[in-house]
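Trainee: generate coordinates for the sequence data below:
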Amino acid sequence: MGKWLLMAAACYLIGGIPFGFIVARLRGVDITKYGSGATGATNVMRVIGPVPAVISGVLDLSKGISAALIGRALFGAQDILAPLVAGLFAMTGHNFSPYLGFRGGKGVSVGAGIVAMLMPRVVLAGLIVFVVVVSLTRYVSLGSMVCAVSTVAVALIYREPPLYTGFLVLASVYIVFQHRSNIRRLLSGKESKFGERVKVK
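Mentor: Numbering: from 1, shown residues only. Below is the predicted model:
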């Protein structure tokens with residue numbers, strides 16, 4: 001039980017590191033006051049620009065990878081449950097950062113890091129879906145949600161272990177839930193499109 005608590009705490013705190021917020025602050029901007037207020041790469045790109053967004057996204061991706069590695073280090077490579085639980089705690093830390101008053105991002109990049117470590121074929125297929133949807137609609141939020149949900153179908157096609165598929169179901173529901181404000185804006189036609197910038201005062 002002690003190792004599970006240690007893993008949960010460590011992954012939550014690592015996941016909570018608000019890289020998007022930090023990157024934006026280095027530019028003198030409080031990312032939580034602009035755009036959607038989220039700290040993820042999408043909002044960083046909308047407010048600051050593509051290069052900071054890529055840096056933020058890669059760092060967020062590394063949080064998911066780190067969580068999987070922590071799970072494996074503590075419980076061994078044969079334990080497939082630990083990295084998944086670690087990943088969920090990292091996503092929760094990212095979405096509800098203890099360093100930002102429990103604000104954060106949407107969990108997409110962190111989730112992708114977990115899936116990249118455990119199911120590389122699935123994350124590659126999800127990336128293709130994401131690119132296609134964003135290319136056709138220019139809505140990153142829609143691409144993220146469709147990508148997340150599609151990974152469940154891809155995992156079933158590739159016959160991934162049931163625990164992995166179960167994780168993808170939970171993660172996709174989590175990601176869609178975090179995008180609920182985006183869904184409202186999509187339905188009302190007010191969602192920002194890829195490439196649109198927010199004016200910083």
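
Trainee: what helices and strands are in contact with the longest helix seen in the chain?
Mentor: Longest helix of the chain, by residue count under DSSP state H: helix 50-75. Helices and strands touching helix 50-75, by 3 or more C-beta pairs under 8 Å, 6 or more residues apart in numbering; DSSP states H and E, are helix 2-15, helix 19-26, helix 41-47, helix 81-95, helix 108-118. Using the backbone N, CA and C atoms, a C-beta is placed for each residue, glycine as well.

Trainee: can you list those in JSON lines and add mean pLDDT and mean neighbour count?
Mentor: Output for the helices and strands packed on helix 50-75, formatted as JSON lines (pLDDT from 0 to 100; neighbours: other C-beta atoms under 10 Å):
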{"stretch": "helix 2-15", "mean pLDDT": "96", "mean neighbour count": "17"}
{"stretch": "helix 19-26", "mean pLDDT": "96", "mean neighbour count": "21"}
{"stretch": "helix 41-47", "mean pLDDT": "93", "mean neighbour count": "26"}
{"stretch": "helix 81-95", "mean pLDDT": "96", "mean neighbour count": "25"}
{"stretch": "helix 108-118", "mean pLDDT": "95", "mean neighbour count": "26"}
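
Trainee: report the angle between the longest helix of the chain and helix 108-118.
Mentor: 50 degrees (axes from the mean of the first three to the mean of the last three C-alpha atoms, to 10 degrees).
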